[in-house]
Every structure is written in structure tokens, then in C-alpha cells.
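*Asks:* task: produce atomic coordinates for the following.
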Amino acid sequence: MSKPYLVILGTALNPSSKLLTSFGEKRTRQFAFGLERVAELADKFSDFDFAIVDNTITPDFVVPESIKKAMDKIPNLKTVFFLENELATKNKGCGVIAGWKKTIQVANVAGYKYVIYFEPRQLLLNFHFFERLVKSPGNYFRLLVNRVRATTKPKFVQFIFKFVPLYTRQFHVGLFSLSTDLFMEYVGKADLTLMADKKVSLEDDIYRKLKSKDIKSVKKLGLIWHDASIDEYIAY
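*Replies:* As a prediction, this is how the structure comes out:
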């Protein structure tokens, strides 16, 4: 008999690119705080099982003590630590999907009805997303709609964009839920080499391939995320 929910916690505790992401003590604190909040989530939802996955773990890497203590508070946490980071240095989304592929191999993902993916470098402000999911199980994403900026285009193109704006659409991938069948189908078909070579983001790829599925849109996820590129916290 299938269990109801597996929460996959995606981390990159030992990133190779120190220029593109928060690093050091700040990053450690973000993960420690985020995982402490996950422990509170585990206390509230007894039907949730948890697996933490990280594709950046070298043999000599030592998990910081604050993160280890937070992990210990999450009951029956499955740990999927490994090193497969070559493509992820070119495309962060490839590292995420590599983690999903590994988790499917070792954590009996097929034994669950739904997969919830959460990146604990984000901080949960509330548990509304999870409450909604348990009350009405389904495939939940937050849709991101961004206006295309034409500041680097010729002036006549910029002029046209003022009157005929274009928008891009993506799914936020830091917190979502999918039926296990749909999750495994997407992960199984993902071509990481192509994504890395063509510079296809995970947010674009998952939207393009899943937008025609039975996706339920969520306006607010109830979390904040640190955008290291501008050193600001953003609410979702």
C-alpha cells in the first residue's frame, strides 16, 4: 500500500561556484533555520516522510554542526548525499534533477502517492501550502509571470515593447507538489546534457513540459527566499 507523501528536501551544502550563490556562514544559517522549520512541519504532519538530497557532497565534506542538529530533529530522515556536480556547474537545474534521479533510485519514491519538493534554504513563513495539499491532494505550483525587458534591444524594438509587452511564464520550483507518477515521468525524460548545453532553466523546462497537465496554481507559497545575486529576501 502506497504511503501518502514524500517530502524531498533539496540542498547544495558544498557548492562549487562561490560567485553565483550565497556561501559560508550565511548559507549555513539559511539551511539550519530552514531545516529547523522543516522539523516543525514534521511534527504537524505525521503522514509526511522526508528525504534530504544533495549532489555536492565530496568525500571530505563535513556537514556543519548547526545543520546536522537541525537534520536530527526531522524524524526518520532519509539522507541521499552524493557527488554529481559537473553539469550543475553549468546549469543549477541539472543538479536539482540529478538529485531527483538519485532519490528515485534509493528512496523508494514509487512507494508514495505524492512528492513534495522543498528547498530549505528558503524559510517557511507558514504551512498553508501543505495544509491545502493534504485537504485537497493535487499538483500544485506557483506560476511566475515576468515581463520581458528590452533594454538591450534596438530602440525601435524597445518602442514596440512599450505598447505590445511580452511575458515569460515559469513555475517556481522551490516548493511544489506532484503525483508520484507525474514526477517520475518528468524526471525520467529529463535530458540534463541538453539542458546544460542549451542553457535551459529548470523553471522553463518544467513549465513547458507540465503546463498541459492537471496543474493547480497557488498564489502564495508562504515562504521567503534569499536571492544571492542581489542579496535580498523575496516573498513567494
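*Asks:* spell out, range by range, the helices that occur in the protein.
*Replies:* If DSSP state H is used as the criterion, the helices of the chain fall at 24-44, 65-72, 92-106, 128-135, 155-163, 180-189, 192-198, 202-210.
*Asks:* to residue 112, which of those lies closest?
*Replies:* Closest approach to residue 112 among the helices of the chain (C-beta to C-beta): helix 180-189, 5.3 Å. (Glycine included, C-beta is placed from N, CA and C.)
*Asks:* in that closest one, what counts as buried?
*Replies:* Neighbour counts over helix 180-189 (16 or more other C-beta atoms under 10 Å) mark 180, 182, 183, 184, 186, 187 as buried.
*Asks:* touching, the second one and residue 209? I think so.
*Replies:* Yep, that's residue 182 we're talking about. No. If you go by C-beta atoms under 8 Å, residue 182 and residue 209 don't touch, sitting 10.0 Å apart.
*Asks:* quick revisit: tabulate the buried residues of helix 180-189 (TSV), appending pLDDT and distance to residue 139.
*Replies:* Putting the buried residues of helix 180-189 into TSV (pLDDT from 0 to 100; distance: C-beta to C-beta, whole Å) gives the following:
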residue	pLDDT	distance to residue 139
180	98	11
182	98	6
183	98	9
184	98	13
186	98	11
187	98	14
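*Asks:* what about stretch 43-60, start to end distance?
*Replies:* 32 Å (C-alpha to C-alpha, to the nearest Å).
*Asks:* any weak-confidence spans in the chain?
*Replies:* 17-23, 147-153, 155-167 (pLDDT under 70).
*Asks:* point to the residue nearest the middle of it.
*Replies:* Centroid-nearest residue in the chain, with C-alpha atoms, centre = their mean: residue 174, separated by 3.3 Å.
*Asks:* pretty sure residue 224 is touching residue 122, no?
*Replies:* Yes. Here residue 224 reaches residue 122: they are 6.7 Å apart, a contact under C-beta under 8 Å.
*Asks:* common neighbours of those two, please.
*Replies:* residue 236 (C-beta atoms under 8 Å, 6 or more residues apart in numbering).
*Asks:* of the helices of the chain, which is nearest residue 143?
*Replies:* helix 202-210 (7.9 Å).
*Asks:* pull out the buried residues from the longest strand seen in the chain.
*Replies:* In the chain, with assignment by DSSP state E, the single longest strand is strand 3-11. By neighbour count on 16+ other C-beta under 10 Å, the buried set for strand 3-11 is 5, 6, 7, 8, 9, 10, 11.
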